[in-house]
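# Got a predicted structure plus its sequence, pasted below:
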Amino acid sequence: MEGKCSVSHLNDQKNSSNTPGVPDPKEIWRNRYLEQKTARAEQANQPVIAPAKKTRAATGPAKKKVHWWRWIALGLVLVLVGFGIFTYIRVSSFLDNSFNGRNEESLLTQAPATTRAAAATPTVSSERLTAAAAPPIPTATPAPASTTAAPTAAATGTPVRPTATPQPNYPEIVNKIKRGEQISILVTGYGGGEHDGAYLTDTILEMTYDPAKNAVTMVNIPRDMYVFVPYGGAKVGYWGKINSAFSYVMQQQSSDNLSSRYRFQSGNLNSQTDAAVNLLKDIVEQITGTKVDYWTTFSFDGFRKFIDAIGGVDVNVETTFDDYEYPANDDPNIDASVMHIHFDAGIQHLTGEKAIEYARSRHSIQDGSDFGRSKRQMNVIKAVKEKAAKPDVMLKVFGLMDALQGNMRTSLSVDEARGLLSYFTGEGGPSLAKVLLVPQILSTNNFLAESTSYASGYILYPYAGQSNYTLIQDWLKQGRAFPQLRAEGLRVQVQNATGRTAPMTQVNTQLGDNGLDMLDPIWAVATQTSTIIDYSAGKGVNTIKTITDLIPGIAVQTKPKPQGQLADIVVLLGKDYTEVPVAGGDTKNTKPDSGIPASPQALNLPANMTLTPTPGGRNR
């Protein structure tokens with residue numbers, strides 16, 4: 001139509017490739033693709049040029065790399081230094097408070113050897129027992145003749161010096177042990193705390209180690225032993241129970257009235273403890289006749305913690321017993337009631353508290369005497385020795401120090417303790433593992449008699465007489481000379497059925513001289529055949545061997561022990577017994593040597609004290 005303008009649609013314009021001035025999109029993409037392909041090809045043919053480094057001025061200062069391991073190492077060093085300082089302070093405090101206690105020189109003018117042990121008179125049994133106990137002496141083996149030419153050095157006469165093996169620098173206590181000399185130590189235990197009686201020493205043990213026999217003989221001193229306590233000197237003191245001596249010094253505010261041996265620094269607990277132990281040590285030496293080389297004292301609370309620190313102990317409870325009067329608390333001011341404790345026979349694992357109960361119980365029906373308690377305390381010591389010998393105990397050193405600090409003190413120096421530890425964890429280790437522990441119990445069954453006092457109550461004193469300790473000392477000396485026999489702990493009695501006195505005297509003397517623990521000999525109805533009657537249930541191997549060595553050919557019978565029978569082994573001498581001329585025999589005697597009086601000697605006691613004698617029955 002004329003006059004009208006023709007207009008094309010917008011879509012027609014976009015889709016048209018022939019529109020003037022408008023590029024084709026496909027062409028655009030194709031050109032871009034070709035340009036990029038060409039550029040890549042050119043780049044592949046050109047050498048690689050590293051990009052220029054940015055200058056510090058352009059980029060600013062470089063960041064430092066953090067080495068985290070250095071901070072960790074520094075932290076570890078600080079921890080180790082702190083631990084070292086703590087350990088040094090902790091160990092130093094423990095050593096200063098626990099070791100280097102004052103040890104006064106012994107008052108004994110002539111003590112049995114705690115130096116070199118005297119040789120016993122050789123007898124058949126003593127020689128064999130000693131040979132069994134002592135290690136064999138090495139002998140040199142001659143080298144076989146050699147047909148090989150001697151070395152050049154030997155031919156020219158040039159000596160070849162052997163390389164010396166450096167020896168450890170041991171303290172004197174270890175050197176004494178290596179020389180075979182005896183070492184004696186006093187061990188005491190007290191309740192502790194702030195109540196009355198806190199320092200009464202309910203445990204008093206003297207232990208003597210004989211390296212030549214590899215045996216430790218232990219003797220208890222009963223807490224009720226009636227003794228003279230010379231706190232002011234030889235003639236200034238009081239008569240009382242031995243367990244009060246330590247407490248007497250510990251209760252003093254000043255030492256002005258004490259002998260110079262027992263003076264202490266007021267306000268210094270360690271100094272006062274040293275003085276108290278030295279007083280007790282002097283009394284014990286008078287009883288046993290043995291010089292005490294060292295001492296150790298501890299509180300029962302410390303002992304309880306020590307047992308727990310080493311993980312408890314395994315104790316052989318010999319007798320099932322119940323105690324219905326065991327104190328509920330060490331301090332009656334806190335709790336004065338009593339409680340019931342029970343122990344079954346056999347191997348029992350005891351914690352610190354149970355070990356204290358086992359060692360301190362004294363009111364049980366089955367085993368309720370102080371003497372039974374002393375034996376139980378020795379059993380605990382045996383168990384501690386077995387546990388302490390295990391290597392893992394040394395890993396508990398801080399626990400041990402916590403348990404003992406303030407609760408234990410000893411006259412051993414730090415160097416001596418370190419030397420003993422080094423020796424027994426090294427070359428002396430095999431001996432320690434096989435050491436023989438020999439308990440020796442003083443009681444009313446052997447050398448003690450009972451009495452009562454208005455001031456002290458129940459007391460014990462030597463059956464041979466007040467302050468007469470000769471028989472006790474001879475018995476202890478015999479135990480140290482024959483530890484294998486004393487370890488069996490059997491009582492032997494000669495019963496004479498020969499109709500003659502001399503055989504009874506001779507055999508009784510010979511058996512005693514060879515280390516057997518003899519009861520008084522008695523007469524028996526005439527019998528033809530000599531016999532050993534063994535009531536020990538097989539426990540007396542060494543004892544019977546000693547008897548058969550002295551009386552060859554004598555028959556041995558094993559029988560159950562009758563009720564009321566005191567002797568564990570009876571040597572019945574019949575008419576067939578022929579007197580054998582053995583060492584020390586005296587066939588001319590016509591009376592048995594009882595050794596002690598038929599009744600206890602009178603005591604020099606106040607008028608208000610009554611005496612209740614207990615038969616002794618020992619002749620040694």
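Nice, thanks for sending it over.

# gap between the biggest strand by length in the chain and the chain center?
The strand spanning the most residues in the chain, taking DSSP state E as the definition, is strand 201-210. Here the centre of strand 201-210 is set off from its chain's centre by 12 Å, with C-alpha atoms, centre = their mean, to the nearest Å.

# which helices and strands sit right next to it?
strand 183-190, strand 215-220, helix 244-250, helix 269-288, helix 370-388 (3 or more C-beta pairs under 8 Å, 6 or more residues apart in numbering; DSSP states H and E). Yep, even glycine has a C-beta here, placed from its N, CA and C like the rest.

# I'd like to know which elements the longest one is packed against.
In other words, helix 269-288. With 3+ C-beta pairs under 8 Å, 6+ apart as the test, helix 269-288 has strand 183-190, strand 201-210, strand 226-233, helix 244-250, strand 294-299, strand 408-410, helix 470-481 packed against it.

# surely residue 516 meets residue 488?
No - using C-beta atoms under 8 Å, residue 516 is not in contact with residue 488; the gap is 9.6 Å.

# Comparing these two, which residue is more hemmed in?
With neighbours defined as other C-beta atoms under 10 Å, residue 516 and residue 488 compare such that residue 516 has more, 29 against 18.

# Below-threshold pLDDT in this structure: ranges please.
1-23, 41-66, 83, 86-88, 90, 109-167, 195-196, 579-620 (pLDDT under 70).

# centroid residue for it?
Nearest to the mean C-alpha position of the chain, counting by C-alpha atoms, centre = their mean, stands residue 385 at 4.1 Å.

# Next one: it relative to residue 352, how far apart?
16 Å (C-beta to C-beta, to the nearest Å).

# any chance of the helices and strands packed on helix 269-288 in JSON lines, plus mean neighbour count and distance to residue 257?
As requested, the helices and strands packed on helix 269-288 are arranged in JSON lines below (neighbours: other C-beta atoms under 10 Å; distance: least, C-beta to C-beta, whole Å):
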{"stretch": "strand 183-190", "mean neighbour count": "22", "distance to residue 257": "22"}
{"stretch": "strand 201-210", "mean neighbour count": "23", "distance to residue 257": "21"}
{"stretch": "strand 226-233", "mean neighbour count": "19", "distance to residue 257": "6"}
{"stretch": "helix 244-250", "mean neighbour count": "23", "distance to residue 257": "11"}
{"stretch": "strand 294-299", "mean neighbour count": "22", "distance to residue 257": "22"}
{"stretch": "strand 408-410", "mean neighbour count": "22", "distance to residue 257": "23"}
{"stretch": "helix 470-481", "mean neighbour count": "20", "distance to residue 257": "31"}
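
# just so I know, which of those lies nearest residue 438?
The closest of the helices and strands packed on helix 269-288 to residue 438 is helix 470-481. By C-beta to C-beta, the value is 6.4 Å.

# just checking, next helix/strand downstream of that closest one?
Sequence-wise, the next helix or strand downstream of helix 470-481 (DSSP states H and E) is helix 483-488.

# quick one, what contacts the nearest residue to residue 543 once chain neighbours are set aside?
Using C-beta to C-beta, 6 or more residues apart in numbering and skipping the chain neighbours, the partner closest in space to residue 543 is residue 490 (5.1 Å). The contact partners of residue 490, by C-beta atoms under 8 Å, 6 or more residues apart in numbering, come to 516, 517, 536, 539, 540, 543, 568, 569.

# Take the residues you listed and keep only those in strands.
Reading strands off the contacts of residue 490 with DSSP E, I get 517, 569.

# And the helix or strand where residue 304 lies, what does it pack against?
Assigned by DSSP H and E, residue 304 belongs to helix 300-309. Applying 3+ C-beta pairs under 8 Å, 6+ apart, one finds that helix 300-309 contacts strand 183-190, helix 352-360, helix 397-404.

# Now distance to residue 270 too, for these, in TSV please.
Formatted as TSV, those follow (distance: least, C-beta to C-beta, whole Å):
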stretch	distance to residue 270
strand 183-190	15
helix 352-360	24
helix 397-404	14
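
# Among these, which comes closest to residue 560?
Among these, helix 352-360 sits nearest to residue 560 (C-beta to C-beta), with 28.6 Å.
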